[in-house]
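1. okay, predicted coordinates and the sequence, questions at the end:
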Amino acid sequence: MKTLRLAAVLALTATAALAGNPEVGGAPMYDTKTIVENAANSADHTTLVAAVQAAGLVETLSGPGPFTVFAPTNEAFAKLPAGTVETLLKPENKDMLVKILTCHVVAADAMAADIQKMVADDGGKHVVKTVGGCEFTASAKDGMLMIEDGQGNTAHVTIADVKQSNGVIHVIDTVLLPAK
């Protein structure tokens with residue numbers, strides 16, 4: 001009987017930890033874990049995790065934050081020209097990889113409703129300044145948040161407001177690139 005009660009308590013605790021947080025890549029996202037810890041469990045973000053490791057950004061993105069990360073999926077990376085990811089993962093291209101990845105990070109805890117309010121307050125478009133020095137443009141249409149990068153590509157937020165212990169992740173369908 002004690003085992004059954006303990007199992008019920010653990011199940012309720014796990015459910016409470018997930019309350020309000022969607023699963024990403026088939027894995028539960030816990031608001032008690034860091035961005036890196038949760039991303040490492042997502043089957044949809046293996047390329048992003050490998051890139052973060054190659055760039056030496058694990059410690060930074062495991063830090064206290066707060067960070068807002070626009071997290072491209074494996075499919076988003078697959079949209080890049082053939083060989084791009086492999087080239088970026090080479091040690092000699094670490095600086096460019098760091099630049100691209102940090103252009104996906106904002107030094108704030110910005111939930112989708114906050115970003116949409118900024119977009120509305122700014123007349124339909126809001127400039128987003130990233131940790132990597134990029135300036136992207138946020139907009140919204142029919143409740144969907146979009147980010148236009150420095151090269152005119154538009155990423156759609158497919159899963160918003162994935163709370164982390166050190167910020168929030170918004171899953172996106174396109175890799176954001178700095179202006180040329």
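-> Yep, it's here.
2. how close does the residue nearest to the spatial centre of the chain sit to Thr158?
-> Nearest to the centroid of the C-alpha atoms of the chain, with distances taken as C-alpha atoms, centre = their mean, sits Ala71, at 2.8 Å. Ala71 is 10 Å from Thr158, where distance means C-beta to C-beta, to the nearest Å. Yep, even glycine has a C-beta here, placed from its N, CA and C like the rest.
3. what does Ala50 give?
-> 20 Å.
4. again with Val168
-> Distance of Val168 to Thr158, given as C-beta to C-beta: 14 Å.
5. the more surrounded of those two?
-> Val168 (24 against 17; other C-beta atoms under 10 Å).
6. and the more buried one, what pLDDT?
-> pLDDT for Val168: 93.
7. go on, Thr32?
-> In this prediction, Thr32 carries a pLDDT score of 88.
8. repeat for the one 5 residues further on
-> The confidence metric pLDDT takes the value 88 at Glu37.
9. so which strand or helix has it?
-> Using DSSP states H and E, Glu37 falls within helix 35-39.
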